[in-house]
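>>> based on what follows, work out the 3D shape:
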Amino acid sequence: MANFVRRAACNFLNIGSRNFSVSAPRHAKVSVLGAAGGIGQPLSLLLKQSTLISELALYDVANTVGVAADLSHIESAAQVKGYVGDSQLEECLQGSKIVIIPAGVPRKPGMTRDDLFNINAGIAMSLSEAASKVCPDAMLCIISNPVNSTVPIASEVYKKNGVFDPRKLFGVTTLDVVRANTFISELKGTPVTQTQCPVIGGHAGVTILPLLSQVEPSCDFTDQERESLTVRIQNAGTEVVEAKAGGGSATLSMAYAGARFAFALLQAMNGAKNVVECSFVESDVTELQFFSTPLLLGPNGIEANLGMGTLIDFEQEALEKMKPELSGSIAKGIKFANK
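Predicted structure coming up:
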């Protein structure tokens, strides 16, 4: 499937935009839930720079008033306000067009994404519950790990409340794409801003599958390169956790990836064409209920699921290998939401 990942030009003043022509843009309120955390703060900083955001609503259990005051001094149009604690959550969400949830505890050395489940699942569930009641038509973007479980949790919450729209619920897997593009560029010497690699599956370990056979510009990989590069992309989060030696997980790169995805949504909501990003969504591409593939985005969220394209044998084998783990993570999230 040639030419199906249309990637954004990644300059910091308009990250996530390919400089689409948008006439009479609609300016949206965006809420960030978990805005005072390691991902939330740099993510909010990047969002503050968008000309398509009129209001940036920052929520967390503490410290958001200070974060909002700090960001409000930046000379860009978006108005910023901080909200703290359960009593202010609904006010934060009122009128939001995009809700981004990076809230949760970070990974620490020796901790798997599954170790995060019991804490982060509850956080994702309670925040999704609030969003489903206050702004059910907003685009909901889940960053909180483990995404393979937290997205199904949010889905169940929205279904219980009778407001689920599969076009508007996204698990943000953009960091896997960002990493794949960067690592391929380093290995093959392709221009990093032009390197495009779709990543399918989920957002943890072996469930992450970069489709190296579909990279643009086209690259040749030896079997050893293909295997080692795939493993590096799958384990890149652990690479950061270990490098920080107890100091945290991938916060800055995740903030960048989250901003890129948010701006792609904003551009598509404003009528830009050919906006394509990979995301973990409810899907019929495989027998799995949720799966990440390239998606064509539009004013109402997902316009079309572009699928996987043709896989080579290595990728097909990796796909079959991931399915039991991804299926288990999905089922775990659904069970948690329904217990």
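>>> so who does the residue positioned nearest the centre of the chain touch?
Of all residues in the chain, the one closest to the mean position by CA atoms, centre = their mean is Val172, 1.5 Å from it. With contact taken as CB atoms under 8 Å, 6 or more residues apart in numbering, Val172 is in contact with Ile100, Cys141, Ile142, Ile143, Val147, Ala257, Gly258, Phe261, Ser279, Phe280. Backbone N, C-alpha and C define where each C-beta goes, glycine included.
>>> Val178 too?
Ser253, Tyr256, Ala257, Arg260.
>>> closest one of those to Ser155?
Nearest to Ser155 out of the contacts of Val178 is Ala257 (CB to CB; 21.3 Å).
>>> that closest one contacts Thr174, doesn't it?
Yes. Contact status for Ala257 versus Thr174: in contact at 3.9 Å, counting by CB atoms under 8 Å.
>>> more neighbours: those two, which one.
For Ala257 versus Thr174, neighbours defined as other CB atoms under 10 Å are more numerous around Thr174 (29 against 25).
>>> tally of neighbours for Ser128?
27.
>>> still on that earlier bit, how about the contacts of Val178 in a markdown table, adding distance to Gly307 and pLDDT?
A markdown table is the format used below for the contacts of Val178 (distance: CB to CB, whole Å; pLDDT from 0 to 100):
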| residue | distance to Gly307 | pLDDT |
| --- | --- | --- |
| Ser253 | 27 | 98 |
| Tyr256 | 26 | 98 |
| Ala257 | 22 | 98 |
| Arg260 | 22 | 98 |
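>>> could you measure the closest residue to Leu52 other than its chain neighbours against Ala28, distance?
Distances taken as CB to CB, 6 or more residues apart in numbering place Leu266 nearest to Leu52, at 4.4 Å, with adjacent residues excluded. Using CB to CB, to the nearest Å, we find Leu266 at a distance of 6 Å from Ala28.
>>> return every residue with contacts to both of the two.
Counting by CB under 8 Å, 6+ apart, the residues touching both Leu266 and Ala28 are Leu52, Ile53, Ile98.
>>> and Leu209, its phi and psi?
Dihedral pair for Leu209: phi -130, psi 100, per degrees, to the nearest 10.
>>> from memory it sits against Val199, does it?
Yes. Using CB under 8 Å, Leu209 is in contact with Val199, at 6.6 Å.
>>> list the helices and strands the host helix or strand of Ser228 packs on?
Per DSSP states H and E: Ser228 is located in helix 223-234. Applying 3 or more CB pairs under 8 Å, 6 or more residues apart in numbering; DSSP states H and E, we find helix 223-234 packed against helix 174-188, strand 208-210, helix 313-338.
>>> do that again at 10 Å, thanks
helix 174-188, strand 199-201, strand 208-210, helix 313-338 (3 or more CB pairs under 10 Å, 6 or more residues apart in numbering; DSSP states H and E).
>>> gap between the last one and the chain center?
Right, the one you point to is helix 313-338. Centroid separation for helix 313-338 versus its chain: 18 Å, with CA atoms, centre = their mean, to the nearest Å.
>>> buried stuff in it?
Across helix 313-338, burial judged by 16 or more other CB atoms under 10 Å covers 314-315, 318-319, 322-323, 325-327, 329-330, 332-334, 336-337.
>>> ok, Phe263 - how many residues close by?
By other CB under 10 Å, 26 other residues sit near Phe263.
>>> sorry, back to before: what helix or strand is the residue nearest to Leu52 on?
helix 252-269.
>>> now that helix: buried residues?
253-269.
>>> coming back round to it: shared neighbours, Leu209 and Val199?
Asp176, Ala180, Ile233, Gln234, Ser292 (CB atoms under 10 Å, 6 or more residues apart in numbering).
>>> surely the last one is within a helix?
So the one you mean is Ser292. No. Assigned with DSSP: H, G, I helix; E, B strand; the rest coil, Ser292 falls outside any helix and is strand.
>>> ok, and the closest non-adjacent residue to it?
Nearest to Ser292 is Phe280, by CB to CB, 6+ apart, at 4.2 Å.
>>> what's the helix or strand that the one you found is a member of packed up against?
Using DSSP H and E, Phe280 maps to strand 275-282. Applying 3+ CB pairs under 10 Å, 6+ apart, one finds that strand 275-282 makes contact with strand 139-142, helix 147-160, strand 169-171, helix 174-188, strand 199-201, helix 252-269, strand 290-298, strand 301-305.
>>> now do the longest one against strand 275-282, angle only.
Calculated by axes from the mean of the first three to the mean of the last three CA atoms, to 10 degrees, helix 252-269 forms an angle of 110 degrees with strand 275-282.
>>> got the CA coordinates for helix 252-269 in PDB?
Written as PDB, here are the backbone C-alpha positions of helix 252-269 (Å, rounded to 0.1, in the frame of the first residue of the first chain):
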ATOM      1  CA  LEU A 252       9.700  14.100  26.100                       C
ATOM      2  CA  SER A 253       9.500  11.800  23.100                       C
ATOM      3  CA  MET A 254       6.000  10.800  24.200                       C
ATOM      4  CA  ALA A 255       4.900  14.400  24.600                       C
ATOM      5  CA  TYR A 256       6.200  15.100  21.000                       C
ATOM      6  CA  ALA A 257       4.300  12.100  19.700                       C
ATOM      7  CA  GLY A 258       1.100  13.100  21.500                       C
ATOM      8  CA  ALA A 259       1.300  16.600  20.200                       C
ATOM      9  CA  ARG A 260       1.900  15.300  16.600                       C
ATOM     10  CA  PHE A 261      -1.200  13.200  16.900                       C
ATOM     11  CA  ALA A 262      -3.300  16.000  18.400                       C
ATOM     12  CA  PHE A 263      -2.300  18.400  15.700                       C
ATOM     13  CA  ALA A 264      -3.100  15.800  13.000                       C
ATOM     14  CA  LEU A 265      -6.600  15.500  14.500                       C
ATOM     15  CA  LEU A 266      -7.000  19.300  14.600                       C
ATOM     16  CA  GLN A 267      -6.000  19.700  11.000                       C
ATOM     17  CA  ALA A 268      -8.400  16.900   9.900                       C
ATOM     18  CA  MET A 269     -11.200  18.500  12.000                       C
END
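>>> cool, thanks, signing off.
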